[in-house]
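>>> I'd like to go over a predicted model; first the sequence, then the structure.
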Amino acid sequence: MRISYDYAGSVVLVTGGTKGLGAGIAGAFLSAGAQVVVCARKESRALPEGARFVAADVRDPAEVDRLIGEIEERHGRLDTVVNNAGGSPYAPLAGTSPRLHARIVELNLTAPLLVAQRAHPLLEAAGGSVVMIGSSSGARPSPGTSAYGAAKAGLHHLAACLAAEWAPRVRVNTVVVGLAETESAAGHYGGPEGVRRMGATIPAGRMALPGDVAGACLWLAAPGYVTGAEILLHGGGEIPAWREIASGHDG
């Protein structure tokens, strides 16, 4: 039985909602009847149909204030924030710019804090919720993206803290996403065959798709009892390398 949601009358903000997982999340809320605002530093030519775009760099407190202010002025309410904006290039700690690592932490930890903080009065008035898009990189070693992994670990903890601090009016939860297949996955993993091989390392047999993440967000944003939770959306995790070594296979 397929689960359906009715978000008619609700206003949803998806940061980084112009592509990838964010676009999938925005599209799912639109299909459920919500009014959806997406933001990014630059507008995409492929915005989710029906979404309203506001240009904003969510690392900048002044731009966050303007973003939430525009939502309040236009819609008069805000029911859900999905803090999706994030990411990192491959950036080994040794030999890379300290400023790069600082910017990675700002985007993946400080920005969600700023957005949630500024949105809180509207969310409290609506009895709304925040959904943080976390990462399995914040729950296991993340070599080559240490700053990103540390920031995501901090994001998971931030969500737990806010869930306790803002209860019971505002619920805060995290979707901890594992390996995901978006429009950039082929380039990142070495083409379609690389995507297939990476998917084979996951017990579910494939990477997460934007629709998988969107489904978790729809559930968490719906009124309910769940708050302070971390939903592990990783298809069962990653099959450990030792199992292949012990079985005599080299992948």
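Received the coordinates, thanks.

>>> Touching stretch 196-207 from outside, list them.
With contact meaning CB atoms under 8 Å, 6 or more residues apart in numbering, stretch 196-207 is reached by 178-181, 185, 189, 195, 234-239, 251. The way it works is simple: take the backbone N, C-alpha and C, and place the C-beta from them, glycine included.

>>> Between all of the residues you listed, which two are at the greatest distance?
Ala180 and Gly251 (20.3 Å; CB to CB).

>>> Which one's more surrounded, these two?
Neighbour tally, Ala180 and Gly251, criterion other CB atoms under 10 Å: the higher count belongs to Ala180, 22 against 9.

>>> how close does the residue nearest to that one when sequence neighbours are not counted get to Gly237?
Spatially, and ignoring its direct neighbours in sequence, Ala180 is nearest to Ala208 (4.5 Å; CB to CB, 6 or more residues apart in numbering). To Gly237, Ala208 is 12 Å away according to CB to CB, to the nearest Å.

>>> for Ser129, same thing?
From Ser129 to Gly237 the distance is 26 Å (CB to CB).

>>> between the two, which one's more packed in?
For Ser129 versus Gly237, neighbours defined as other CB under 10 Å are more numerous around Ser129 (25 against 16).

>>> hey, what's that one bridged with?
Judged by DSSP bridges, the bridge partners of Ser129 are Thr80, Arg171.

>>> Can you check which residues contact both of Ala208 and Gly237?
Listed contacts common to Ala208 and Gly237 are Gly178; contacts here mean CB under 8 Å, 6+ apart.

>>> need the helices for this protein, in chain order.
Under the criterion DSSP state H, helices of the chain are mapped to 20-31, 61-75, 98-105, 111-126, 146-166, 185-189, 191-199, 210-221, 241-247.

>>> quick one on the thing from earlier: emit the ChimeraX select command for whichever of the contacts of stretch 196-207 are buried.
Buried members of these, defined by 16 or more other CB atoms under 10 Å, are picked up in ChimeraX with:
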select :178,179,180,181,185,189,195,234,235,237
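
>>> With pLDDT added, can I get the contacts of stretch 196-207 in CSV?
Compiled in CSV, those are given as follows (pLDDT from 0 to 100):
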residue, pLDDT
Gly178, 93
Leu179, 90
Ala180, 90
Glu181, 87
Ala185, 72
Tyr189, 73
Val195, 83
His234, 95
Gly235, 94
Gly236, 94
Gly237, 90
Glu238, 82
Ile239, 78
Gly251, 47
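
>>> hmm, back to that, hmm, the residue nearest to Ala180 is touching Gly235, no?
Yes: in this structure, Ala208 is within contact of Gly235 by CB atoms under 8 Å, at 6.3 Å.

>>> Quickly list what's touching both of those two.
The contact sets of Ala208 and Gly235 overlap at Gly178, Leu179 (CB under 8 Å, 6+ apart).

>>> measure Met207 to Ala185 for me?
Distance, Met207 to Ala185, using CB to CB: 7 Å.

>>> Now do Val130: how many residues are near it, please.
28.

>>> which residues does it contact?
By CB under 8 Å, 6+ apart, the residues touching Val130 are 80-83, 116, 119, 123, 159, 162, 170-173.

>>> distance of it from Ala208?
When CB to CB is the yardstick, Val130 and Ala208 sit 20 Å from each other.

>>> and the spatially closest residue to Phe29 that is not a sequence neighbour, what are its bridge partners?
Leaving aside its sequence neighbours, Phe29 sits nearest to Val12 (CB to CB, 6+ apart; 4.6 Å). Beta-bridge pairing for Val12 (DSSP bridges): Val36, Thr80.

>>> contacting residues around Val12?
Here Val12 is in contact with Ala26, Phe29, Ala34, Gln35, Val36, Val37, Asp79, Thr80, Val81, Val82, Ala221 (CB under 8 Å, 6+ apart).
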